[in-house]
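Trainee: what follows is a predicted protein model with its sequence.
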Amino acid sequence: MTTVLVVECDSSLRRTLSVILEERAYEVIETGSGEEALIVASDRAPDIVLLDLALPGIDGMDALRLLRAESDVPIVVLSVRDAPSTKVAALDAGADDYVVRPFDSEELVARIRAVLRRRPDPGSSTPPVMRVGDLEIDLSRRLVQRDGKPIRLTRTELRLLELFALSDGRLLTHDQMQQAIWGSVEAARATTLRVFVGQLRNKLGDDAADPHLIVNETGLGYRWIAARS
């Protein structure tokens with residue numbers, strides 16, 4: 001049975017979420033604060049976390065960063081905050097998805113299923129270390145280096161790099177990339193995707209005007225053009 005940790009300070013909403021999930025055969029653990037969430041996540045090792053940002057004590061964003069520092073558990077943020085900057089900050093801090101309240105219960109459950117599907121298969125083979133010019137990309141260790149010096153990438157940037165590196169030069173459409181990273185396709189996320197691709201390019205030293213790693217296929221998506229060495 002899949003275990004969901006619900007972190008929500010509103011007891012009424014927390015109970016509603018529990019009912020929605022329990023009706024669909026999920027095991028639910030409830031907590032109302034970020035501090036409790038960190039303890040429970042460590043003790044019970046849930047399969048996924050639903051996290052509100054407006055929490056007493058440790059703020060939800062801080063709780064997100066602390067959870068992510070300790071574990072790769074999938075995290076879906078539930079929040080009334082719908083500003084694009086807040087969404088980007090949460091995704092960049094390690095959230096796997098961001099759902100704005102009020103939400104449709106079926107959509108929420110679908111997003112949970114999508115995030116869980118993206119978890120690595122323990123039986124899958126270890127991706128090889130890739131070398132592209134002066135870059136070394138070790139996906140299994142989540143380590144990227146240029147000339148032996150590590151490049152710090154966020155969780156979302158690493159997921160993007162993995163998509164590109166394993167694409168074998170195939171075109172990745174905007175919709176495919178949004179689905180792979182966030183589990184859904186939304187018009188608002190097209191801008192967010194461009195931001196993350198831009199950040200990744202900058203960190204990898206790729207010039208959009210004269211690319212040697214990532215090419216923008218106007219109106220379609222992106223393509224990884226790097227030749228392995």
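Mentor: Noted; the coordinates are in hand. Numbers count the residues shown, from 1 in each chain.
Trainee: what are the ranges of the strands in the chain?
Mentor: Assigned by DSSP state E, the strands in the chain fall at 3-7, 27-31, 48-52, 75-79, 97-100, 129-132, 135-138, 143-146, 149-150, 171-173, 214-217, 221-224.
Trainee: let me know the angle separating the first one from strand 27-31.
Mentor: It stands for strand 3-7. Relative orientation of strand 3-7 and strand 27-31, computed by axes from the mean of the first three to the mean of the last three Cα atoms, to 10 degrees: 20 degrees.
Trainee: what packs against strand 3-7?
Mentor: Counting contacts by 3 or more Cβ pairs under 8 Å, 6 or more residues apart in numbering; DSSP states H and E, strand 3-7 is packed against helix 11-22, strand 27-31, helix 34-44, strand 48-52. Heads up, the C-betas are built off the backbone N, CA and C, glycines and all.
Trainee: which one of the strands of the chain lies nearest to residue 157?
Mentor: Proximity to residue 157 (Cβ to Cβ) singles out strand 143-146 among these, at 9.1 Å.
Trainee: and the closest one, how far out from the chain middle?
Mentor: 20 Å (Cα atoms, centre = their mean, to the nearest Å).
Trainee: lowest-confidence stretch among the strands of the chain?
Mentor: Among the strands of the chain, strand 129-132 carries the lowest mean pLDDT, a mean of 82.
Trainee: which other helices and strands contact that strand?
Mentor: strand 135-138.
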